[in-house]
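Student: Coordinates for the following, if possible.
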Amino acid sequence: MQESLILFAHGARDPAWAAPFERLRALTRAAMPAVGVELAFLELMQPDLPTVVAQQVAAGSRRVTVIPVFLGQGGHVRRDLPQLLEQLRQAHPEVEIRTVPAVGEDEAVLQAIAAYCIGTLQS
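Tutor: Numbers count the residues shown, from 1 in each chain. Next up is the predicted model:
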């Protein structure tokens, strides 16, 4: 079964905003060369989630994990993402499309951010 990870970010008008997400995609790809790792945006930037899922399915993916690259479970993650996922599941019934909590909900991520914040006082 080919798997895909889609890093799902909000999007912004300024193209430079996407740079850290592109670096995250590159780091994730390097660590998992057998997995399709892509970046998709909710709004204001391209590609959007339906486009990336369709590309991954066309490339042979049968399991897609959407990772919300958000700090918390706000309205976009609680309301908009589930609606998008339901539409995608209907469009691609042969594919398992799942999601996980927002990255900012993960204890290791919070610990890394806290270490960064603490480290700013030591520089």
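
Student: In this protein, what residue spans correspond to strands?
Tutor: 2-9, 36-41, 61-68, 96-99 (DSSP state E).

Student: Compile these into JSON lines and extend it with columns for distance to Pro20.
Tutor: No exception for glycine: its C-beta is placed from N, CA and C like everyone else's. Below are these laid out as JSON lines (distance: least, CB to CB, whole Å):
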{"stretch": "strand 2-9", "distance to Pro20": "9"}
{"stretch": "strand 36-41", "distance to Pro20": "11"}
{"stretch": "strand 61-68", "distance to Pro20": "14"}
{"stretch": "strand 96-99", "distance to Pro20": "21"}
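
Student: what about the one helix or strand in the chain whose mean pLDDT sits lowest, distance to the chain center?
Tutor: When each helix and strand of the chain is scored by mean pLDDT, DSSP states H and E, helix 75 comes last, with a mean of 74. Distance of helix 75 from its chain centroid, counting by CA atoms, centre = their mean, to the nearest Å, is 16 Å.

Student: i'd like the first residue to be 12 from this point on
Tutor: Got it, first residue is 12 now, which makes that one helix 86.

Student: Redo the strands of the chain as a markdown table? Include mean pLDDT.
Tutor: Output for the strands of the chain, formatted as a markdown table (pLDDT from 0 to 100):
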| stretch | mean pLDDT |
| --- | --- |
| strand 13-20 | 96 |
| strand 47-52 | 97 |
| strand 72-79 | 97 |
| strand 107-110 | 97 |
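
Student: Which of the ones you listed sits closest to Gln66?
Tutor: Distance to Gln66, taken as CB to CB, is lowest for strand 47-52 among these, at 7.3 Å.

Student: which regions of the chain sit below the pLDDT cut-off?
Tutor: For the chain, applying pLDDT under 70 flags the ranges 12, 134.

Student: hmm, try it at 90
Tutor: 12, 83-90, 133-134 (pLDDT under 90).

Student: What are the contacting residues of stretch 98-113?
Tutor: Outside stretch 98-113, the residues within contact range by CB atoms under 8 Å, 6 or more residues apart in numbering are 60-61, 64-65, 68, 72-84, 88, 92, 96.
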